[in-house]
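# Dropping the sequence and predicted coords here.
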There are 2 protein chains.
Amino acid sequence: MSEIKALLFDVFGTVVDWRTGIASSACDILKKYNKDIDFFEFADAWRIRYQPAMEEVRSGKRDFTILDILHHENLQEIKKIYGLTEMSTDDDHNLVKAWHRLPGWPDSSNGLKRLKKKFIIATQSNGNIALIVNMAKNSDLPWDMVLGAEVVKHYKPKPEAYTVACQMLGLKPNQCMMVAAHNNDLEAARLQGMRTAFVKRETEHGVNQSSDLKSESNWDYISNNFIDLADQLNCPKVT
Amino acid sequence: MSEIKALLFDVFGTVVDWRTGIASSACDILKKYNKDIDFFEFADAWRIRYQPAMEEVRSGKRDFTILDILHHENLQEIKKIYGLTEMSTDDDHNLVKAWHRLPGWPDSSNGLKRLKKKFIIATQSNGNIALIVNMAKNSDLPWDMVLGAEVVKHYKPKPEAYTVACQMLGLKPNQCMMVAAHNNDLEAARLQGMRTAFVKRETEHGVNQSSDLKSESNWDYISNNFIDLADQLNCPKVT
């Protein structure tokens, strides 16, 4: 395994807790409208429109479009469901920007700092550049590089999303390891020759989560969090 | 000036001392060939082919090509001049990679760490992604983001090199400041509405340097190094 040079990270769910972050921002921004909203359900309803929106791009029906725009479009549908069509433009904008302010899991910042001591650490997320850069500033995520959909111009799990990312780092796929809490992301990465590390995130979808509760294949590494992964990869402690 | 959110940096000459770095690597790699080479002249001869190579891309004569490839091609010409056509493939590769190992100026790492506390700091260099990412790891340059030619798909000073970079950060040009040791880079950035900061690097081209010894316009900031710039921008000290 000594030839691994770079770790490429899925972000939503793997590095940050999008459900708590969106529910919390939605509560802050929307409470003044006095609607009876379960903000976790609100977050789920918004997130569930994520894959179909990207599929329009993946299938070639639509030109490459950054996630901020897809989030904004999907929010317009959610607003109708929750009776929020009168929401102000500022609040609309602020809610879309809530994805730029998502909090890391408790181990994310410290774990990444250790992993960074030994490897190039880069994002390979479907989030756009501004979203990931702002999130990194807000949540102290010390990326060496923000790759991902807007840079490689393909949404995961398209093969090019993985192969172009490795190529841009000047590395072969087997010198790069995909780190994700989602078995299907790792499967797509492995098909392109990348190494794989599963990170267990049992509450990404809340306490009743039913998917990705455990690794479903013999990934190269299987870990409970980023500290555990840093230990397994013999990364030095941060002083 | 409170609306500046991001600093975009030229890299070669502004952040790193390419001439000393290349001369030093060339000496290490080439001394065994027993040629009578002035390694600073060697560095200059290689670097002087940089602009014409990019001009092929800028003019549309050639598809976008990353700098590693242009460096490799230009090295083939230099090898002929210096009687090094028998150089091994490994040494050729290692020399091209010398650009990935360029040392920062003495103030670069510490200055950037201070600037990063207040602003998004990103590269906007003509260097390719792998080159800039590896250089950052080698020389402790704590970028939030590597933008630049390979990401925006335009070489400076094309207008799009500046405008697309700002747009990818989700910012307007006047929320971004170009930081460079070269007056022409700042002029091109200002034409696109960016703020500008000049950094004096009097020995980029050696002790007999004749260009860019001082600012040639009323740039928004004029500084002696990154520590001075961090002071002028009221960036907190790094503890």
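Nice, I can see it. None of these values were measured; they are calculated from a predicted model.
# where along chain A do the helices fall?
Along chain A, counting by DSSP state H, helices occupy A:18-30, A:39-47, A:50-58, A:67-81, A:89-96, A:108-116, A:129-139, A:149-152, A:159-168, A:183-191, A:226-232.
# Would you tell me which one of the ones you listed is buried the most?
helix A:149-152 (a mean of 24; mean count of other CB atoms under 10 Å in any protein chain shown). The way it works is simple: take the backbone N, C-alpha and C, and place the C-beta from them, glycine included.
# Who are the packing partners of the helix or strand of chain A with the lowest mean pLDDT?
The helix or strand of chain A with the poorest confidence is helix A:50-58; it has a mean of 93 (mean pLDDT, DSSP states H and E). Where contact means 3 or more CB pairs under 8 Å, 6 or more residues apart in numbering or on different chains; DSSP states H and E, helix A:50-58 is packed against helix A:67-81.
# mind giving me the domain split of chain A?
A:6-17+A:102-232, A:18-101 (automatic domain parsing).
# between these, which one is nearest to residue B:36?
domain A:6-17+A:102-232 (33.2 Å; CB to CB).
# any low-confidence regions in chain A?
Counting by pLDDT under 70, chain A contains low-confidence ranges at A:1-2.
# Quick one: name the residues of it near chain B.
A:68, A:120, A:122, A:128-131, A:133-134, A:136-137, A:142-146, A:150-151, A:168-171 (CB under 8 Å from any CB of the partner chain).
# Now do the residue of chain A most remote from its centre against residue A:84, distance only.
Computed with CA atoms, centre = their mean, the maximum C-alpha offset from the centroid of chain A is found at residue A:34, amounting to 30.8 Å. Noted for residue A:34: a distance of 11 Å to residue A:84, by CB to CB, to the nearest Å.
# Check residue A:155 too.
Distance from residue A:155 to residue A:84, by CB to CB: 28 Å.
# who has more neighbours, these two?
residue A:155 (24 against 20; other CB atoms under 10 Å in any protein chain shown).
# these two touch, right, the more buried one and residue A:148?
No - counting by CB atoms under 8 Å, residue A:155 sits too far from residue A:148 to count as a contact (9.3 Å).
# Common neighbours of these two, please.
Counting by CB atoms under 8 Å, 6 or more residues apart in numbering or on different chains, the contacts common to residue A:155 and residue A:148 are residue A:126.
# who touches the closest residue to residue A:122 other than its chain neighbours in this structure?
Nearest non-adjacent residue to residue A:122, counting by CB to CB, 6 or more residues apart in numbering or on different chains: residue A:145, 4.1 Å away. By CB under 8 Å, 6+ apart, the contact list for residue A:145 reads A:120, A:122-123, A:169, B:129, B:133, B:143, B:145-146.
# In this structure residue A:92 contacts residue A:78, no?
No - using CB under 8 Å, residue A:92 makes no contact with residue A:78, being 10.6 Å away.
# check contacts around residue A:65.
Here residue A:65 is in contact with residue A:57 (CB under 8 Å, 6+ apart).
# For residue B:137, see how far away it is.
32 Å.
# Residue A:143 too?
12 Å.
# repeat for residue A:129
Distance from residue A:129 to residue B:137, by CB to CB: 20 Å.
# who touches residue A:176 in this structure?
A:4-8, A:165-166, A:169, A:194-195.
# what bridges to it?
Bridge pairing for residue A:176 (DSSP bridges) gives the partners residue A:6.
# Can you tell me how far it is from chain B?
Between residue A:176 and chain B the computed distance is 12 Å (CB to the nearest CB, to the nearest Å).
# what does residue A:71 give?
Using CB to the nearest CB, which is the criterion applied here, residue A:71 is 13 Å from chain B.
# Identify the residue spatially nearest to that residue, adjacent ones excluded.
residue A:96 (5.1 Å).
# what's the most distant pair in the contacts of residue A:176?
A:4 and A:165 (14.5 Å).
# Okay, residue A:94 and residue B:154: tell me how far apart.
32 Å.
# OK, contacts around the nearest residue to residue A:87 once chain neighbours are set aside?
Nearest non-adjacent residue to residue A:87, counting by CB to CB, 6+ apart: residue A:79, 5.9 Å away. Going by CB under 8 Å, 6+ apart, residue A:79 touches A:85, A:87, A:92.
# same check, this time on residue A:135
By CB under 8 Å, 6+ apart, residue A:135 lies in contact with A:11, A:16, A:99-102, A:127, A:141.
# Swap in 10 Å and give it another go.
By CB atoms under 10 Å, 6 or more residues apart in numbering or on different chains, the contact set of residue A:135 is A:11-12, A:15-16, A:21, A:99-104, A:123, A:125, A:127, A:141, A:143, A:146.
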